[in-house]
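Visitor: Could you work out the structure for the sequence below:
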Amino acid sequence: MIINSTHRTWAICYAILCFLIQTPDWSYIPHAFGYFIAFGLCLERVLSQDKITIKHPFLSFCFVGFLSFCTASLLWSDVLYHSLNTLPLYALLPLICLSFQNTDDFQWGLFLKIVMGLCGLLAVFGLSQLVLENGLHPEIANGPFLNPNSFAVFMGIGFVIALYHYMKHQNFWRVIGFYSLCLLMILAIIATTSKSALLALIIVTVMTIIFTPSLRSKASIFKIILLAATSYAFVFLYGIFQDQTTALSSLSSLHQPSTDRWLLWQTAIQAGLNNTIWTGSGVGMFREIFKIEYMRVIDQAVNVTGFHAHNDLLHLWVEIGLIGLAFVLGIAMVIAKCCFSAFKDNQAPYAMIILYCGMMAMVTPVILLPAVMVILAVSIGRILCHQQSISIPFAKEALSVFLAIMMMLTAQSAFNKHYLISIKTAIADNDMINVIEAIDRLDGVSMRLNPSVPITRASSLMALYDQNVIKPGQKNDALLEIGGYIDDARRRNPYNVEVDYYEGELALRHNKKQKAEHFFKTALAKDPTYISARLALSKTMTDKDATYDLLKDGLNYSYWKQNPMTLYGELFVMATKRNDKDMLKKLRPLMQNSAFTDSH
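Guide: Now for the predicted structure:
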C-alpha cells in the first residue's frame, strides 16, 4: 500500500471540493485536478494489489459492460470531440467502485464527516446568496453550482448524513449540533425551490425509519417532527419579514406537477425513438440529439433552460441505447438490493445517500455532477465491502491501462478549455495574432476534432475581410478559404447551427441574398433562440411588417446562451418608429432584466 486510508480519504474529499468549483471561467483547472486525483487514487489502489478481487460478480460485470459500451460508442458518435470529453465523467463512478471495495480503503467515518461539514459550509454560502441576492438567479440559491437543482442534490447528501446522526445520537449537545446542521441544509434546499429534493428527502427519511431497527423509535419520529416544524417556521417568518414568497411556494406547491419537466421527458423519449434505439448516438451526444426535438416545443417550455432531460435514464438511453441502458439497470437493481441490507448492517448513511441520489437522478441531471458521482461511488464501495470476493485474471492490467487513458483524456480536455478561453480573451482584445496562434494550438491538442476551431477560423477571416485588411486581389481566395472552414465545421459537428449561420454570412459576401436568407431561416428553424441568425435574417428582409413580426417572435423564447439585449434594442427602435406603446411597455422591463443579468 503506497498511501494509507486516511491520506486517501482526504485526497478523495479534496477531489470533491475541486469538482464543486463550477461558475468561474477557470473552473476547468480544479476540475482537471479533481479527475487526476480520483483516477490517480484508483490507479494507486489497483497497482498496490497483487491481484484484483471483486465483491459482486454480476455488478462488476455490469460496470465493465457499461464502460466497454461507452468506449465502443466512440465508433459511431457523430461528434467524437464531445464523446471523448464526456467519457471520463461517465467512467468516474464505475472505476472508483471497481477499485475500492475493501474495508481498509478509506476512513469511512471520516469521509462522512468531511462531506457533511463541506455541505454545512456550502449551505451557509447558499443562504447568503438568497439573503444578499448575489447568486446567479434572483431570489434562488445556487451555491457554487450553475443550476439550483444541482445545489439541492448536494445539500440533500449532507442532510441525510446529518439526519442519520441526529436520529442516532442521544447526547444532548450532539443532538443539538446535528439538529442545527439538518436545519441549515434543509433551509438551503428550500432556498433552491427544488420540490423534488424535498420529496426525495421525505421518502428517504421514511425508508430509513422503516428499514433501520435502531432508529425505529418514538424519539426518532419526534426529532423528525421537531425538525420539520422548525424548518417551516423559519421559512414562514422569513417570508413575512422579507416579503419574499419563493421559499414558501416551494412548500405549498409540492403537490403540483412540473409541466415543463413532463414536457422535457416526452421530448427526450421522442429524441430516443428518432435516434438509434439499441446503440444510441454515443456518449456526450445527448445535447445535440435532444436539441433537435426540443426546439420544436421550446415555446411551450419558457421556464426551462439548458438541454437536459432531467432524467438520467432517458439521458443515457439517447446516448448508449437500450443495450447500454441494460447495464445501467443491472447496476441499479444490484445496488438497490444492497442498500436494503445496508440499513441493517449499520451502514444506513451510505444507503441513504445512494437512494436519495437515485431518486434525484429521475428528475434532475445527477450523472453530470462529478462531485456527486464521487460521493455516490464511495458510498457504493462501502456497502459492498462485506460481499464475497473473487479474483479476476488480467483485471489489474486492464484497469491500469483504462485509468491511464482516462487521465490522458482529462489532460486533453483541460488544454482544450484553456485554449478556448485564450481565444475568447484574444478576440475581446482584438488581438488577431494571438487568436490565430491559440486556434492552431487548440486544433493540435484536440487532434483536429474540436468543432469550434473551423468556425472561429471562418469568423476571424470574415472579420478581416469586412475590415478590408485582405487585399482586393486576394478576397476571392479568402472567401473560398472561409467556405472550406465551414465545410470542415459541418464535418466535425453536423448539428451545429452556427454552420448554417456562417453559410448565410458567406452567401451575403458573395452577393447571394436569397441563398443567405435560406441559410438564416434554416439556422433559426433549428434553434429559434439563436439571436444572431434572427437579426441577420431581419436585415435581409425588405418587408418591414414581416421584419417586425420576426423580431417580435423572438420574445416568445427564453435565452440563456446569448444576451438578448441586441434583439430588444432592434425591436425597441422599430416599436418607437411605429409608436407601438404596448410593445414599448413590454420591452422596458425585459431590457432592464437583461441588463441586470449581463452585469452578473
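Visitor: quick one: average confidence on stretch 281-293?
Guide: Averaged across stretch 281-293, pLDDT comes to 90.
Visitor: ok, now stretch 206-215?
Guide: Per-residue pLDDT over stretch 206-215 has a mean of 86.
Visitor: Which residues belonging to it are considered buried?
Guide: For stretch 206-215, burial by neighbour count (16 or more other Cβ atoms under 10 Å) applies to 207-209, 211-212, 215. C-beta: built from backbone N, CA, C; applies to glycine.
Visitor: And it, how far out from the chain middle?
Guide: Relative to the mean C-alpha coordinate of its chain, stretch 206-215 is positioned 33 Å out (Cα atoms, centre = their mean, to the nearest Å).
Visitor: end-to-end on that stretch?
Guide: 11 Å (Cα to Cα, to the nearest Å).
Visitor: Let me see the residues that make contact with that stretch.
Guide: 160, 163-164, 167-168, 216, 220-221, 224, 340, 343-344, 346, 348, 351-352, 355 (Cβ atoms under 8 Å, 6 or more residues apart in numbering).
Visitor: go on, stretch 87-94?
Guide: Under the criterion Cβ under 8 Å, 6+ apart, residues 35, 38-39, 63-64, 66-67, 70-71, 74, 283-284, 367-368, 370, 373-374, 376-377, 380, 402, 406, 409-410, 413 lie in contact with stretch 87-94.
Visitor: and stretch 503-520, how far from the chain's centre?
Guide: Remark: stretch 503-520 is offset 36 Å from the chain centroid, using Cα atoms, centre = their mean.
Visitor: What backbone torsions are found at the spatially most central residue of the chain?
Guide: Central residue of the chain (Cα atoms, centre = their mean): residue 368, 4.3 Å from the mean position. Note on residue 368: its backbone torsions stand at phi -90, psi 0 [degrees, to the nearest 10].
Visitor: mind checking how far it is from residue 307?
Guide: Distance of residue 368 to residue 307, computed by Cβ to Cβ, to the nearest Å: 11 Å.
Visitor: Against which helices or strands is the strand or helix carrying residue 318 packed?
Guide: Here residue 318, judged by DSSP states H and E, is contained in helix 312-344. Counting contacts by 3 or more Cβ pairs under 8 Å, 6 or more residues apart in numbering; DSSP states H and E, helix 312-344 packs against helix 57-72, helix 195-211, helix 259-274, helix 286-294, helix 348-360, helix 370-383.
Visitor: That one vs helix 370-383, what angle?
Guide: 40 degrees (axes from the mean of the first three to the mean of the last three Cα atoms, to 10 degrees).
Visitor: from the buried residues of stretch 206-215, which is closest to residue 360?
Guide: Nearest to residue 360 out of the buried residues of stretch 206-215 is residue 207 (Cβ to Cβ; 14.5 Å).
Visitor: The nearest residue to residue 308 once chain neighbours are set aside: what secondary structure?
Guide: Among residues not flanking residue 308 along the chain, residue 365 sits closest, at 4.6 Å (Cβ to Cβ, 6 or more residues apart in numbering). Each residue gets one of three states, and residue 365 gets coil by DSSP: H, G, I helix; E, B strand; the rest coil.
Visitor: so residue 365 touches residue 313, yeah?
Guide: No - the pair residue 365 / residue 313 is not scored as a contact, 11.3 Å apart, by Cβ atoms under 8 Å.
Visitor: which residues does residue 35 contact?
Guide: Under the criterion of Cβ under 8 Å, 6+ apart, the neighbours of residue 35 are 15, 88, 92, 370, 406-407, 410.
Visitor: Farthest pair within those residues?
Guide: Farthest apart among the contacts of residue 35 by Cβ to Cβ are 370 and 407. That separation is 14.3 Å.
Visitor: quick one, which of these two is more surrounded?
Guide: Shown here are residue 370 and residue 407; by other Cβ atoms under 10 Å, residue 370 has more neighbours (22 against 19).
Visitor: Below-threshold pLDDT in this protein: ranges please.
Guide: Across the chain, the ranges flagged by pLDDT under 70 are 1-2, 138, 235-259, 297-306, 386-394, 560-561, 594-600.
Visitor: can you name the farthest residue from the center of it?
Guide: residue 473 (48.1 Å).
Visitor: what about it, distance to residue 555?
Guide: For residue 473 relative to residue 555 (Cβ to Cβ), the value is 45 Å.
Visitor: and residue 535, that's in a helix?
Guide: Yes - Residue 535: assigned to a helix according to three-state DSSP.
Visitor: I'd like to know how many residues surround it.
Guide: Neighbourhood size, residue 535 [other Cβ under 10 Å]: 17.
Visitor: dump the residue contacts of it.
Guide: Residue 535 makes contacts with 566-567, 570, as judged by Cβ under 8 Å, 6+ apart.
Visitor: can you rerun that using 10 Å?
Guide: By Cβ atoms under 10 Å, 6 or more residues apart in numbering, residue 535 lies in contact with 520, 550-551, 554, 566-567, 569-570.
Visitor: Now which of those would you call buried?
Guide: Counted by 16+ other Cβ under 10 Å, the contacts of residue 535 give 520, 550-551, 554, 567, 570 as buried.
Visitor: Tell me which of those residues fall in helices.
Guide: Within these, residues falling in helices by DSSP state H are 520, 550-551, 567, 570.
Visitor: In CSV, list these along with distance to residue 262.
Guide: Conversion of those to CSV gives the following (distance: Cβ to Cβ, whole Å):
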residue, distance to residue 262
520, 33
550, 30
551, 31
567, 29
570, 35
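Visitor: how far out from the middle of the chain is stretch 454-472?
Guide: Computed by Cα atoms, centre = their mean, the chain-centroid distance of stretch 454-472 equals 34 Å.
Visitor: residues of that stretch that come out buried?
Guide: 454-462, 465, 470.
Visitor: Kindly report the same for stretch 16-32.
Guide: Across stretch 16-32, burial judged by 16+ other Cβ under 10 Å covers 16-22, 27-28, 30-32.
Visitor: With respect to residue 528, which of those residues is nearest?
Guide: Nearest to residue 528 among the buried residues of stretch 16-32 is residue 22, at 27.5 Å by Cβ to Cβ.
Visitor: Assumed the closest one was part of a helix.
Guide: No - the assignment for residue 22 (three-state DSSP) gives coil, which keeps it out of a helix.
Visitor: what's the closest of the contacts of residue 535 to residue 359?
Guide: residue 554 (37.7 Å).
Visitor: before we move on, the earlier item: highest neighbour count among the contacts of residue 35?
Guide: For the contacts of residue 35, the largest number of neighbours (other Cβ under 10 Å) sits with residue 15, at 26 neighbours.
Visitor: Over to that residue. Which of the three states is it?
Guide: Three-state call for residue 15 (three-state DSSP): helix.
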